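> sequence first, predicted coordinates after that:
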Protein chains: 2
Amino acid sequence: MTAKNRSKRSCDYPMLSFEEAWRRISGALKPLPPVQEPLESVTGLALAGDVIARENIPPFAASTMDGYAVISGDASCERSIAGEQHAGVKLDLAVTEGTAVRIMTGAPVPAGADAVIPFEQTAEANDRVRLLSIVGPGDNIRAIGQDIAAGETVLKKGSVLGPAEIGLLAMLGHSQVPVHPRPRVSVMATGDELIPIHAIPRLGQIRNSNAPAIATALRVCGFDAVALPQTVVDDAAALERAIVEALSDSDMLITSGGVSMGTRDLVKSVLARLGEILVGRVAIKPGKPLTFAMIHGKPVFGLPGNPVSSLVCFEQFIRPALRRMSGLRLLGRPCVDVRLEQGLRHDPDRTEFQRAIVERDPDGFTARGNGPQGSSRLKSLSGANALFVLPAGTGDYPAGSRVMALLINQPEASEDLPTGSLVRKFQSPWG
Amino acid sequence: MTAKNRSKRSCDYPMLSFEEAWRRISGALKPLPPVQEPLESVTGLALAGDVIARENIPPFAASTMDGYAVISGDASCERSIAGEQHAGVKLDLAVTEGTAVRIMTGAPVPAGADAVIPFEQTAEANDRVRLLSIVGPGDNIRAIGQDIAAGETVLKKGSVLGPAEIGLLAMLGHSQVPVHPRPRVSVMATGDELIPIHAIPRLGQIRNSNAPAIATALRVCGFDAVALPQTVVDDAAALERAIVEALSDSDMLITSGGVSMGTRDLVKSVLARLGEILVGRVAIKPGKPLTFAMIHGKPVFGLPGNPVSSLVCFEQFIRPALRRMSGLRLLGRPCVDVRLEQGLRHDPDRTEFQRAIVERDPDGFTARGNGPQGSSRLKSLSGANALFVLPAGTGDYPAGSRVMALLINQPEASEDLPTGSLVRKFQSPWG
C-alpha cells in the first residue's frame, strides 16, 4: 500500500464514514506501555496494575477525638491523669483502673485503654478528670486496619488517579506507581502563507493560529505539546525532515494544513512515503480532508488547515485517540438530546458537526447554532458549548426537532449547562 | 478582634452555618489584579478586558477552494491559464476576460477575478481550463473582514480562554493578553506524627498523605502548588515561621491539621496572631474545625487533618475560592437530584457531605453512599463521583427520597454519568 500511495492525490483516497474512520484510528492505537512514575506526575493518569495495601490503615489503634483514653468498664467516675499522648511516636504510657491518659486526635491509644471519651464530655481539675457520660468498648477508637487491611486491593488497574487515589497511595507508602504515561504530542503547522503571531502580514499572509489553538486543546484535555516546531513551508523535503524529527521525540504528531486538493498540499504524499495512510478522506463536515497515518508505529494526524475544521477534528478524533493511548476507558464526551430552536440545513452526504449553544429548559435542553458555520469562522466555536451531530443519511432538521449535541469546551461551559435536562452518553462511534 | 483571638480555643469561635462560612470567605476575596500574559500561559484563565480586532479577518479576499480564479460574468467557457496563486504572498497576477488563474485554498484572489471555481468542476488541458459549471460573483471567496471586522469586539472581558479563543487571539496578532492570573498556592501539612511517603512509620506515625492529595486536587482544577514545604511540627514558633514564609511567595496558603481541640492544635492561635480569623468553626460534617483567615490581604485555609475532611472542605470552599480569585464566574460544581437507593442517617445539626456513587436510571439519577463515611476513610472518596448535600435542619432520609448531589472528581467520572437524567445547577451557597 505504501508504494501505491506515493502517487495518490487526495481524491484518490476512499471516502470513509465517520464511524469507519474512527474504527481504523482506534484499531491502530493501544495504551502506551506502563512506566513507574512518582506521585507528583500521575494526576489524571490510569493505573497500569492493581495496588495492594502492604500495611494496615491505621497501622495502630488511634483516637478519633481529642479527649481521654480510658477503660470503658472502669466504674470509677473520676480518674487520675497518667499523662498525655499526642499524635506522633507512641509514648510508654498505660491506662489502668482509676486512671486516664489525655489523648489527641490521631494519637496511638495507650496500652490498657479500650475507649476514648471526648473533652466535651469530661471535666478536668487538679490532674483528675471526671467523666460526664458513659463510653463503651471501642468508642472513638479506629482499630488497626479499620480503614484498609493489609493485603487488600486498594486501587484496581485502570483507576484514574485523582486526589483521593493519590492520598491513598501516599498513605500506604507508594511513592511510585505503574501508569500508562501521558502521550507526548508534537504540533506542527504547515503552509507558505503562515507567519508568527507577532509578525505583520504582507498581503496574502496569515498568522499561525492553528498551532496555539491545538496546543491549547491539548492542555485543556490534560496533555501537553512537546514543543511547537517552527511553521513548515510547503516543500516535500522540508516537510519530511520536520515530520521525522518531530516523531523522534514524541508519541504522536499533529500537523495542520496541506491535506487538501491543492498543488502544494504535500502532507499526504510525504506521510505515504514515510508510512501508511489509514484515513485519507472522511465524509464529515467540516474536516473532509482529515488524514491519519501510522509511521514506524506512531500515529500522525493531518488536520485540515481551516481553524474550525482542525479543532472539530481534534475533538472527534484526536482527543479520544489520546485518551485511548493513555489507557483511559472513557473516550468520548457526554452528550445531550436537544430540541432545536431553529431549523438546520444538512447535506445527507456527510456527518456534520455544527457549533451550538445548548441551554437549559424545563423539559430538557434547547439549542441553536452559534452563528454562521463557515469552517474558517473560529468565532462560531468561541462561546459554543456543544457540537450538534447531524448524521450522514439524514436531511434538513426543522425547528423543534431533536438532535444529539456533544458537550465540548471548558468545564466552565459544561458546568453551566446542567439544569432540568435529559442527558445521555454519546454511544457512537466510541461506544 | 486580632488581640482577642489570641487566647481563643477552637470551641470559642462561633459555629457558622455552611452558607455563612462561604459568605465570609467569598466576601474577603476578589479576582487577582490583571496582568499581561503570553498566549502559551493563559489556557483556562479569564480575560481581564475586552479584545477588539485591530485587523480584518481575512485581511484580503481569499479563495475557500482549490480551483481557478475567474471573472464570473465572462461568457467564454474555456480560458487560458495566466498563472498560479498559492497561499502565501500575493503575486502580481491579474485575471482578464478569457483567462483564469489557478488558485489554492486560502490564497489571495488575483486582481480582476470575482469568483473561484473548484477543480472538481473544471477540466484542464494544455494550459487551458474548461468550466463545467457556472459560478456567480463572490462564489468561493471569503471577502475582506467576512469572519471578523476590524474594530469588532472579538472576546468580552470575563471570557474563559480555550482553544478557539486562543486561536482568535493568535489570528489577530495578540501575542499577549490581560488576564486574571492563576493564584499561586502553597500547601503545608502540619503534625508531629507525619513522616514522608518513602519513610517507614514508627508506632504512632503516619505518612503525609494530605499534602499530595491537596496538590492533586489543585492540579485537577487547573491550579498548581507553588512547592510543597516540609511537613511542619506542632510548635507555634515553627508554624508561624513556615506560614509567613509560605505566604511571601504565594497568593493563598492551605494548611492541613492542627485546627481542632487538642493541646497541640496551634494553627488557629498562630493565624489569629498573624491576621484575622473569619471562620473558626462550621456546622458541616466532615470539616467542622475548618478555619479561614486573612493575613496581610492573603487568604489562609486551615483544613482539618482527616484526609476526607480536608478534601471535602477543599471541594466546598477552596475550589470556589480559587475560581473567584481567578476571575471565573462559575464557582460551583454541577448538581443533580438523585433518588436514594438506601436510607441515610443524618444529624440535623450540621450540613453533611456524604461520598456517593450516582448512576443513570431511566427516570433520572439514582445514588447510594460509597461505603462507611468515617472522615479518615479515604476509600469512601476514591471511586465516588458525587457528594450528597444533606442540609442542616433536615433529619434522616428514607430510601427512595430525593437529595441533591454535587458532581465531583475527574471529568472521567462526570462524563460517565449523564444518561437520561435530571440535572440542574447547584444554587446554594455560590448562587
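Yep, it's here. Given the structure is predicted, the values throughout are model-derived calculations rather than measurements.

> A:Gly173 and B:Ile195 touch, don't they?
No. Judged on C-beta atoms under 8 Å, A:Gly173 makes no contact with B:Ile195 at a distance of 9.5 Å. Just so you know, the C-beta spots here come from the backbone N, C-alpha and C atoms, and that holds for glycine as well.

> so what strands line up beside the longest strand seen in chain A?
Counting by DSSP state E, the longest strand found in chain A is strand A:351-361. When sheet partners are counted by DSSP bridges, strand A:351-361 sits next to strand A:284-285 (parallel), strand A:364-369 (antiparallel), strand A:386-390 (antiparallel).

> give me the contacts around the first one.
It stands for strand A:284-285. Contact with strand A:284-285 is made by A:Phe18, A:Ala21, A:Leu290, A:Cys313, A:Gln316, A:Asp347, A:Arg350, A:Thr351, A:Glu352, A:Phe353, A:Ser375, as judged by C-beta atoms under 8 Å, 6 or more residues apart in numbering or on different chains.

> what residues sit buried inside the helix or strand just after it?
Using DSSP states H and E, the next helix or strand after strand A:284-285 towards the C-terminus is strand A:291-295. Buried residues in strand A:291-295, counting neighbours by 16 or more other C-beta atoms under 10 Å in any protein chain shown, are found at A:Thr291, A:Phe292, A:Ala293, A:Met294, A:Ile295.

> okay, these in a markdown table with pLDDT and distance to A:Ala189 next?
Output for those, formatted as a markdown table (pLDDT from 0 to 100; distance: C-beta to C-beta, whole Å):
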| residue | pLDDT | distance to A:Ala189 |
| --- | --- | --- |
| A:Thr291 | 98 | 15 |
| A:Phe292 | 98 | 18 |
| A:Ala293 | 98 | 17 |
| A:Met294 | 98 | 22 |
| A:Ile295 | 98 | 18 |
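
> if we can go back for a sec, separate out the buried members of the contacts of strand A:284-285.
Among the contacts of strand A:284-285, those buried by neighbour count (16+ other C-beta under 10 Å) are A:Phe18, A:Ala21, A:Leu290, A:Cys313, A:Gln316, A:Arg350, A:Thr351, A:Glu352, A:Phe353, A:Ser375.

> farthest-separated two in those?
Spanning the widest gap among the buried ones among the contacts of strand A:284-285 are A:Ala21 and A:Ser375, at 17.5 Å by C-beta to C-beta.

> any stretches of the stretch 251-400 of chain A with poor pLDDT?
Low-confidence segments of the stretch 251-400 of chain A (pLDDT under 70): A:362.

> what about the helices in it?
For the stretch 251-400 of chain A, applying DSSP state H, counting those that start in this stretch gives helices covering A:267-274, A:307-313, A:319-325.

> looking at these, which is buried most?
Among the helices of the stretch 251-400 of chain A, judged by mean count of other C-beta atoms under 10 Å in any protein chain shown, the one packed with the most neighbours on average is helix A:307-313 (a mean of 29).

> give the other helices and strands that that one contacts.
Here helix A:307-313 touches helix A:210-220, strand A:298-303, helix B:163-171, going by 3 or more C-beta pairs under 8 Å, 6 or more residues apart in numbering or on different chains; DSSP states H and E.

> can we see that at 10 Å?
Contacts defined by 3 or more C-beta pairs under 10 Å, 6 or more residues apart in numbering or on different chains; DSSP states H and E place helix A:307-313 against helix A:210-220, strand A:252-256, strand A:284-285, strand A:298-303, strand A:351-361, helix B:163-171.

> could you dump these to JSON lines with distance to A:Leu266?
Shown next, in JSON lines, are the helices and strands packed on helix A:307-313 (distance: least, C-beta to C-beta, whole Å):
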{"stretch": "helix A:210-220", "distance to A:Leu266": "17"}
{"stretch": "strand A:252-256", "distance to A:Leu266": "11"}
{"stretch": "strand A:284-285", "distance to A:Leu266": "22"}
{"stretch": "strand A:298-303", "distance to A:Leu266": "10"}
{"stretch": "strand A:351-361", "distance to A:Leu266": "27"}
{"stretch": "helix B:163-171", "distance to A:Leu266": "23"}
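
> report the buried residues of stretch A:65-83.
A:Met65, A:Asp66, A:Gly67, A:Tyr68, A:Ala69, A:Val70, A:Ile71, A:Asp74, A:Arg79, A:Ala82, A:Gly83.

> residues near A:Cys11, how many?
By other C-beta atoms under 10 Å in any protein chain shown, the residues close to A:Cys11 number 13.

> and it, that's in a strand?
No. With DSSP: H, G, I helix; E, B strand; the rest coil as the criterion, A:Cys11 is located in helix rather than a strand.

> please report the distance of it from A:Arg281.
Distance from A:Cys11 to A:Arg281, counting by C-beta to C-beta, to the nearest Å: 8 Å.

> again with A:Thr96
85 Å.

> those two: who's more crowded?
Neighbour totals were compared for A:Thr96 and A:Arg281, and A:Arg281 leads with 21 against 14 (other C-beta under 10 Å).

> tell me what the more buried one is bridged to.
Under the criterion used (DSSP bridges), A:Arg281 bridges to A:Met15.

> that one touches A:Glu20, doesn't it?
No. At 11.1 Å, A:Arg281 does not count as touching A:Glu20 under the criterion of C-beta atoms under 10 Å.

> identify the contacts common to these two.
Residues touching both A:Arg281 and A:Glu20 by C-beta atoms under 10 Å, 6 or more residues apart in numbering or on different chains: A:Pro14.

> okay, now the domains of chain A?
In terms of domains, chain A is parsed into A:2-32+A:181-325, A:35-56+A:146-179, A:62-142, A:334-425 (source: automatic domain parsing).

> could you pull up phi and psi at A:Val185?
Main-chain torsions, A:Val185, degrees, to the nearest 10: phi -120, psi 130.
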